[in-house]
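This is a predicted model, with the sequence first.
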Amino acid sequence: DAKTTQPPSMDCAEGRAANLPCNHSTISGNEYVYWYRQIHSQGPQYIIHGLKNNETNEMASLIITEDRKSSTLILPHATLRDTAVYYCIALNSGGYQKVTFGTGTKLQVIP
Amino acid sequence: EAEVAQSPRYKITEKSQAVAFWCDPISGHATLYWYRQILGQGPELLVQFQDESVVDDSQLPKDRFSAERLKGVDSTLKIQPAELGDSAMYLCASSPRWYQETQYFGPGTRLLVL
């Protein structure tokens, strides 16, 4: 299973786009990239996932490089409520694989 | 919107005592997960159930921890005896099927062992 690497912390001004990077250079062809976030003292919340193509939903956009070795989660207009720890995870599309969260990126949205 | 329920939300106990946490997954979800999260770290999987069967409990300290999901619906995680190092957030999650899908997390139970 691919290991992911994320910066420990980032700041973003309120109203601006937050771009959170994730490196997964050993990702295999059948591994999806998942993003979760955890607001202080709450359970993690699913954000988005993708395999090859860029994905967008009501929460965020996911940009995956063509070689799939890295990805970027984009929060287009960050608000104070987006302050959280963001986790990037690589998971197989089938077959059992233990989910490993790592330590994620602490995003601080600044007023 | 359906949610994963957990109780209690907070628990304070003394070391050597027994504690139990309960989780009710989203209705119809076959897979249930228990995680432990120490402050400043990401969640660590303790045990995963597919219906009533254990799929993975390799990280569960079996000398003191036990988990069950008798009817394949709700689940209980028990610690006996509790130790100081067990102080953490215990998270439950569920997903529709056994292979990797989006996991939906409950609010967690924060345990403090004195």
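Received it, and whenever you're ready, just let me know what you need. Residues are numbered from 1 along each chain as shown, chains lettered A, B, ... in the order given.

Specify the beta-bridge partners of the residue nearest to the spatial centre of chain B.
Geometric centre of chain B, nearest residue: B:W34, 3.0 Å, by Cα atoms, centre = their mean. Assessed by DSSP bridges, B:W34 has beta-bridge partners B:V47, B:C92.

Tell me who's in contact with it.
Contact partners of B:W34, counting by Cβ atoms under 8 Å, 6 or more residues apart in numbering or on different chains, are B:23, B:45-48, B:67, B:75, B:77, B:90-92. No exception for glycine: its C-beta is placed from N, CA and C like everyone else's.

Could you tell me how far B:I38 is located from B:G85?
Look at B:I38 and B:G85: by Cβ to Cβ, to the nearest Å, they are 9 Å apart.

no wait, A:K52
The gap separating A:K52 from B:G85 is 42 Å, by Cβ to Cβ.

repeat for A:I89
26 Å.

do B:L112 as well
12 Å.

Have a look at the two and say which one is more surrounded.
More neighbours surround B:L112 than the other of B:L112 and B:G85, with 13 against 10 (other Cβ atoms under 10 Å in any protein chain shown).

Chain B contacts on chain A?
Residues of chain A lying close to chain B (Cβ under 8 Å from any Cβ of the partner chain) are A:32, A:34, A:36, A:41-46, A:49, A:85, A:87, A:91-104.

Can you tell me the closest non-neighbouring residue to A:G43?
Taking Cβ to Cβ, 6 or more residues apart in numbering or on different chains, and ignoring the residues beside it in sequence, A:G43 has B:F105 as its nearest neighbour in space, at 3.2 Å.

okay, now B:Y33: neighbour count?
Residues near B:Y33, counting by other Cβ under 10 Å: 26.

Please give me every residue in contact with it.
Residues in contact with B:Y33, defined by Cβ under 8 Å, 6+ apart, are A:99, B:45, B:47-49, B:92-95, B:103.

again, 10 Å this time
B:Y33 sits next to A:98-99, B:4, B:23, B:25, B:43, B:45-49, B:55-56, B:75, B:91-95, B:103-105 when contact means Cβ atoms under 10 Å, 6 or more residues apart in numbering or on different chains.

Go ahead and build a ChimeraX selection from the buried members of the residues you listed.
Remark: buried members of these, expressed as a ChimeraX selection using 16 or more other Cβ atoms under 10 Å in any protein chain shown:
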select /A:99 /B:4,23,25,43,45,46,47,48,49,56,75,91,92,93,94,95,103,104,105
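
Narrow the contacts of B:Y33 to those in strands?
B:23, B:45-49, B:55-56, B:75, B:91-95, B:104-105 (DSSP state E).

Looking at the residues you listed, spot the one nearest chain A.
B:F105 (3.2 Å; Cβ to the nearest Cβ).

got the buried residues for stretch B:61-75?
For stretch B:61-75, burial by neighbour count (16+ other Cβ under 10 Å) applies to B:65-67, B:69, B:75.

mind giving me CSV with those and columns for secondary structure, distance to chain A and pLDDT?
Formatted as CSV, the buried residues of stretch B:61-75 follow (DSSP: H, G, I helix; E, B strand; the rest coil; distance: Cβ to the nearest Cβ, whole Å; pLDDT from 0 to 100):
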residue, secondary structure, distance to chain A, pLDDT
B:F65, strand, 17, 97
B:S66, strand, 19, 97
B:A67, strand, 15, 97
B:R69, coil, 17, 95
B:S75, strand, 15, 97
